[in-house]
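Participant: pasted the sequence and its predicted model underneath.
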Amino acid sequence: NAGVTQTPKFQVLKTGQSMTLQCAQDMNHNSMYWYRQDPGMGLRLIYYSASEGTTDKGEVPNGYNVSRLNKREFSLRLESAAPSQTSVYFCASSDLAGPPHGNEQFFGPGTRLTVL
Amino acid sequence: RKEVEQDPGPFNVPEGATVAFNCTYSNSASQSFFWYRQDCRKEPKLLMSVYSSGNEDGRFTAQLNRASQYISLLIRDSKLSDSATYLCVVPRVNDYKLSFGAGTTVTVRA
């Protein structure tokens, strides 16, 4: 099993360009997540999908859109990239686990994005 | 107050030493906790789950203090390979999200 895969691994964009980050998991998980990680800050949730067919905003959704294409795939789109979106982006997946316990999230290797 | 706060460190310790650090959380209703390990430029990976008063896995011990709302991670007999950033993670009580601390950096030197 590959676990969670992400493409691309690295990307450089110019301000105003658009791109889509791809994520796929082969663990049959219901829930998928997109995070960004910036120096000195914890992982911040951009969007998540608790189950196929649903998506919800996290704490920093502005400037991003997502698509839960099927149970395996969850993509993140930057419509008009800005330098503030320079970050490392991680996709994660987990079994559906209701609060308050939560479930282990499995992370992909990340995409390092630089916006000039 | 942040939902999850950690001492960023760095903790610089010699091989064989014991190192411990804490994580405080703001929601007294939180019932479970995770420690994740993140190596430089890699993805986070689960190190340990804590559902009751604590958990032990080899050289790693996590302890939960509900009265003071903190969890600690103790690493005994530190190895060079323990050098990493340790993330404290607390599932949110009312939804499917996790709250992440910014991480504690540990460097083990020879």
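Facilitator: Perfect, I can see it now.
Participant: can you pull out the strands in the chain?
Facilitator: You didn't say which chain, so I picked chain A. A:4-7, A:10-13, A:19-25, A:31-37, A:44-49, A:56-57, A:64-68, A:74-78, A:87-94, A:106-107, A:111-115 (DSSP state E).
Participant: hmm, no, I was thinking of chain B.
Facilitator: Listed in chain order (using DSSP E), the strands of chain B are B:4-6, B:11-14, B:19-25, B:33-38, B:44-50, B:54-57, B:60-65, B:70-75, B:84-91, B:98-100, B:104-109.
Participant: which residue is the nearest non-sequential neighbour of residue 49?
Facilitator: Unless you meant another one, I'm taking chain A. Using CB to CB, 6 or more residues apart in numbering or on different chains and skipping the chain neighbours, the partner closest in space to A:Ser49 is A:Arg68 (4.3 Å). Where you see a C-beta, it was placed from the backbone N, CA and C, and this is true even at glycine.
Participant: wrong one, I was asking about chain B
Facilitator: In this structure, B:Ser49 finds its nearest non-sequential neighbour in B:Phe34, 5.5 Å apart by CB to CB, 6+ apart.
Participant: could the strands of chain A be laid out in JSON lines, adding mean pLDDT?
Facilitator: Below are those laid out as JSON lines (pLDDT from 0 to 100):
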{"stretch": "strand A:4-7", "mean pLDDT": "97"}
{"stretch": "strand A:10-13", "mean pLDDT": "97"}
{"stretch": "strand A:19-25", "mean pLDDT": "97"}
{"stretch": "strand A:31-37", "mean pLDDT": "95"}
{"stretch": "strand A:44-49", "mean pLDDT": "94"}
{"stretch": "strand A:56-57", "mean pLDDT": "94"}
{"stretch": "strand A:64-68", "mean pLDDT": "97"}
{"stretch": "strand A:74-78", "mean pLDDT": "98"}
{"stretch": "strand A:87-94", "mean pLDDT": "96"}
{"stretch": "strand A:106-107", "mean pLDDT": "94"}
{"stretch": "strand A:111-115", "mean pLDDT": "97"}
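Participant: okay, the ones you listed in JSON lines with mean neighbour count next?
Facilitator: What follows is those, written out as JSON lines (neighbours: other CB atoms under 10 Å in any protein chain shown):
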{"stretch": "strand A:4-7", "mean neighbour count": "18"}
{"stretch": "strand A:10-13", "mean neighbour count": "14"}
{"stretch": "strand A:19-25", "mean neighbour count": "19"}
{"stretch": "strand A:31-37", "mean neighbour count": "24"}
{"stretch": "strand A:44-49", "mean neighbour count": "22"}
{"stretch": "strand A:56-57", "mean neighbour count": "14"}
{"stretch": "strand A:64-68", "mean neighbour count": "18"}
{"stretch": "strand A:74-78", "mean neighbour count": "20"}
{"stretch": "strand A:87-94", "mean neighbour count": "23"}
{"stretch": "strand A:106-107", "mean neighbour count": "20"}
{"stretch": "strand A:111-115", "mean neighbour count": "18"}
